[in-house]
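Colleague: The sequence and its predicted three-dimensional model are supplied below.
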Amino acid sequence: MALPPLVEPAAELTKDEVVRYSRHLIIPDVGMVGQRRLKNAKVLVIGAGGLGSPALLYLAAAGVGTLGIVEFDVVDESNLQRQVIHGQSDIGRSKAESARDSISEINPLTEVRLYQVRLTSENVLDIFADYDLILDGTDNFATRYLVNDAAVLLGKPYVWGSIFRFEGQVSVFWDNAPNGKGLNYRDLYPEPPPPGMVPSCAEGGVLGVLCASIGSTMVNEAIKLITGIGEPLLGRLVAYDALESTWRTIKIRKDPQTAPITELIDYDAFCGVVSEDAQAAAAGHTITAAELKEMIDAGKDFALIDVREPHEYEIVSIPGAVLIPKDRILSGEALSELPQDKPVVLHCKSGGRSAEALAALHRAGFADAVHVGGGVLAWVKQVDPSLPTY
């Protein structure tokens, strides 16, 4: 069922605005009043990456009056496959500033506010306070729980999206929704998955065009909430499979076991980047990429094990590394393939997965095993910049 409009309409549209938004105005459900609501709306977008890029462009094109962007990263060449708000000339620039400039080309009437900071428990409530709606395009669980809890404490709705490889999901969370059927992200995910269980897009990849499908769906939900038209995805989650070209709708119900949210917490500790076992294993058993290079140059006899996936190994590898994916080590299947008579050195892309594998090796009796902090990315940066990164 439709919810009341989230935003009061602005006083009027100018002649230029009528021309610009005419295709909206001739839709009876939107009309002049709906467009004036969009003009008066303030939407905060978390991230100007894969989901934030299409979302920001379409929110601006739709006539949202004020857009906030929370983004502290810079544009990397690997972003351009999917983050369409940025271009070749933006490589090395602030993503927030690049996004602002693209928005001004799409719609100079939209006011853009930049927050070039990492979202934390200390700043999130102040940043969220002035906005009607939050759109969350982040790709890590710690930030998702932070966004959720802040939105609950402030009574604000937010649109959530998620992408991975060929699949995407979208839902709307609003704990105190006026229809009395409010939910929040913790009703869907009461607890975060175990550290290392769910790979990020940087580890697992994402089909670039999937970002457009999910990002535009998120904007559709935002427009419905702002104008009060249609039935928002409150209490429902839509899942899109790009390979099958199918959309599924999944009902979400309030979890009676979900504890009330009364304060913000330490979300990195709550979610964990790596498990406690991995942190303990890495302490005192981590070498740098430069130290690995020294071991190779000195002719030391050791086994260098790459715990990434085969398709990653094909992109770039450290010379001499033998591929044994992390899951084969964690299951114990590959332990017999590791040498007992010489040191073992593990590495992955950036250090997280190799730390998890290192903990498994220590439990299995490989007490002297170490891993390379920063993984193959550190090797490229510190040792051999001629190699590609991903």
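Modeller: All right, it came through fine.
Colleague: hey, where'd the strands end up in the chain?
Modeller: Secondary structure of the chain by DSSP state E: the strands cover 42-46, 66-70, 111-115, 133-136, 158-164, 167-173, 236-241, 246-251, 286-287, 303-306, 322-323, 344-347, 370-372.
Colleague: and these as CSV, adding mean pLDDT and mean neighbour count?
Modeller: C-beta coordinates here come from the backbone N, C-alpha and C atoms, glycine included. Listed next are the strands of the chain as CSV, based on pLDDT from 0 to 100; neighbours: other Cβ atoms under 10 Å:
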stretch, mean pLDDT, mean neighbour count
strand 42-46, 98, 26
strand 66-70, 98, 23
strand 111-115, 98, 16
strand 133-136, 98, 26
strand 158-164, 96, 25
strand 167-173, 97, 23
strand 236-241, 98, 16
strand 246-251, 97, 10
strand 286-287, 95, 16
strand 303-306, 97, 22
strand 322-323, 96, 14
strand 344-347, 97, 26
strand 370-372, 96, 26
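Colleague: Just put the ones you listed in a markdown table and tack on distance to Leu6.
Modeller: Formatted as a markdown table, the strands of the chain follow (distance: least, Cβ to Cβ, whole Å):
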| stretch | distance to Leu6 |
| --- | --- |
| strand 42-46 | 10 |
| strand 66-70 | 14 |
| strand 111-115 | 18 |
| strand 133-136 | 6 |
| strand 158-164 | 11 |
| strand 167-173 | 11 |
| strand 236-241 | 18 |
| strand 246-251 | 22 |
| strand 286-287 | 49 |
| strand 303-306 | 50 |
| strand 322-323 | 51 |
| strand 344-347 | 49 |
| strand 370-372 | 49 |
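Colleague: Ok, which of those comes nearest Glu314?
Modeller: Glu314 lies closest, by Cβ to Cβ, to one member of those: strand 322-323, at 9.5 Å.
Colleague: What are the contacting residues of the closest one?
Modeller: Here strand 322-323 makes contact (Cβ atoms under 8 Å, 6 or more residues apart in numbering) with Ala303, Leu304, Ile305, Asp306, Arg308, Pro310, Tyr313, Ser317.
Colleague: Mind putting those into CSV with distance to Met32?
Modeller: Formatted as CSV, those follow (distance: Cβ to Cβ, whole Å):
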residue, distance to Met32
Ala303, 71
Leu304, 67
Ile305, 65
Asp306, 60
Arg308, 55
Pro310, 57
Tyr313, 58
Ser317, 60
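Colleague: Domain-wise, how is the chain divided?
Modeller: For the chain, automatic domain parsing gives the domain ranges 15-271, 276-382.
Colleague: Distance from the chain centre to the first one, please.
Modeller: Put plainly, it is domain 15-271. 10 Å (Cα atoms, centre = their mean, to the nearest Å).
Colleague: now swap in the last one and tell me
Modeller: Counting by Cα atoms, centre = their mean, domain 276-382 is centred 26 Å from the centre of its parent chain.
Colleague: Just the endpoints, please. Distance across that domain?
Modeller: Distance across domain 276-382, first residue to last, is 28 Å (Cα to Cα, to the nearest Å).
Colleague: And the first one, by the same measure?
Modeller: Distance between the boundary residues of domain 15-271 (Cα to Cα) amounts to 50 Å.
Colleague: coming back round to it: wait, which of the domains of the chain is closest to Tyr390?
Modeller: Among these, domain 276-382 comes nearest to Tyr390, with 5.2 Å by Cβ to Cβ.
Colleague: Show me the helices in the stretch 151-300 of the chain, by range?
Modeller: In the stretch 151-300 of the chain, the segments counted as helices under DSSP state H, counting those that start in this stretch are 185-188, 201-204, 208-227, 267-271, 276-282, 289-297.
Colleague: Endpoints of stretch 351-371, how far apart?
Modeller: Terminal residues of stretch 351-371 lie 8 Å apart, using Cα to Cα.
Colleague: before we move on, what about stretch 369-386?
Modeller: 28 Å.
Colleague: related to what we said a few turns ago, give me whichever of the helices of the stretch 151-300 of the chain is most buried.
Modeller: Comparing those by mean neighbour count (mean count of other Cβ atoms under 10 Å), helix 208-227 comes out on top with a mean of 22.
Colleague: coming back round to it: let's have the domains of the chain in TSV, adding distance to Glu8.
Modeller: TSV is the format used below for the domains of the chain (distance: least, Cβ to Cβ, whole Å):
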stretch	distance to Glu8
domain 15-271	6
domain 276-382	46
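Colleague: Pro388: which of the ones you listed is closest?
Modeller: Set against Pro388 and scored by Cβ to Cβ, the domains of the chain come closest in domain 276-382, at 5.3 Å.
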